[in-house]
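Colleague: sequence first, then the predicted structure:
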Amino acid sequence: MLIKREKFLLELLFWIAVAVGLGLFFFPEMKEYVYVQEKIELMEEQIKKYGMKAANEEGLITKKERLSKEFNDEWVKFYTSQEIDPYRFSIIIRNYLVSRNLQIERYHTLEVGEHTWLEFSIRGNILDFISFLEKVSTYEKYCTISFVSINARQGSGKVNAVLRITYETID
């Protein structure tokens, strides 16, 4: 016969064996449960991330439309090769100079690489010349002045100037 103490130890051993057996039975499922729980957390994070991106999609569409409008606004500021040539551009610049009472002393074209520059030697009032430069800088199409040489006549407010100008094309 077993004593009370041995009975207690056998019961304890039995329950430990049951606990270990249940642990061994449920351990693989616990690993699977932890794996599934981690996967759920990862997917929830991804849903939040993609949800934020989807919410920002309207902002991206607005930004795309704004950039497209800016691009079109800039595009029209360039000449196309069919729209302008050096002769027509020289007429535009000549008219700007004459309308500001500037005398054209000499005019010729310079071919430099892909660009054709128009070189004007002019004479006139300094304020009229500044008005011409302001008009060119605010002209509806892009043009570039690569060279300006100014020789002011002392005390008269008159200048002799040489400038090279060209138009910008996009093709």
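Modeller: Yes, it's here.

Colleague: stretch 62-76 - what's its average pLDDT?
Modeller: Per-residue pLDDT over stretch 62-76 has a mean of 89.

Colleague: chain center to that stretch, what's the gap?
Modeller: The gap between where stretch 62-76 is centred and where its chain is centred comes out at 11 Å by C-alpha atoms, centre = their mean, to the nearest Å.

Colleague: same check, this time on stretch 80-87
Modeller: 29 Å.

Colleague: so residue 109 touches residue 120, yeah?
Modeller: No: counting by C-beta atoms under 8 Å, residue 109 stays clear of residue 120, with 10.6 Å between them. Using the backbone N, CA and C atoms, a C-beta is placed for each residue, glycine as well.

Colleague: tell me where the protein has helices.
Modeller: 4-75, 86-99, 126-137 (DSSP state H).

Colleague: buried stuff in the second one?
Modeller: Under the neighbour-count criterion of 16 or more other C-beta atoms under 10 Å, helix 86-99 has 86, 89-90, 92-93, 96-97 buried.

Colleague: and those as CSV, adding pLDDT?
Modeller: Output for these, formatted as CSV (pLDDT from 0 to 100):
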residue, pLDDT
86, 87
89, 89
90, 90
92, 91
93, 92
96, 92
97, 93
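
Colleague: closest to residue 75 out of those residues?
Modeller: Distance to residue 75 across those (C-beta to C-beta) is lowest for residue 89, with 18.6 Å.

Colleague: from the buried residues of helix 86-99, pick the one nearest residue 20.
Modeller: Nearest to residue 20 among the buried residues of helix 86-99, counting by C-beta to C-beta, is residue 89 at 94.8 Å.

Colleague: bridging residues for the nearest residue to that closest one once chain neighbours are set aside?
Modeller: Distances taken as C-beta to C-beta, 6 or more residues apart in numbering put residue 167 closest to residue 89, at 5.0 Å, once the chain neighbours are dropped. Note on residue 167: beta-bridge partners by DSSP bridges are residue 143.

Colleague: what about residue 167, distance to residue 136?
Modeller: Residue 167 sits 11 Å away from residue 136, going by C-beta to C-beta, to the nearest Å.

Colleague: done for today, thanks.
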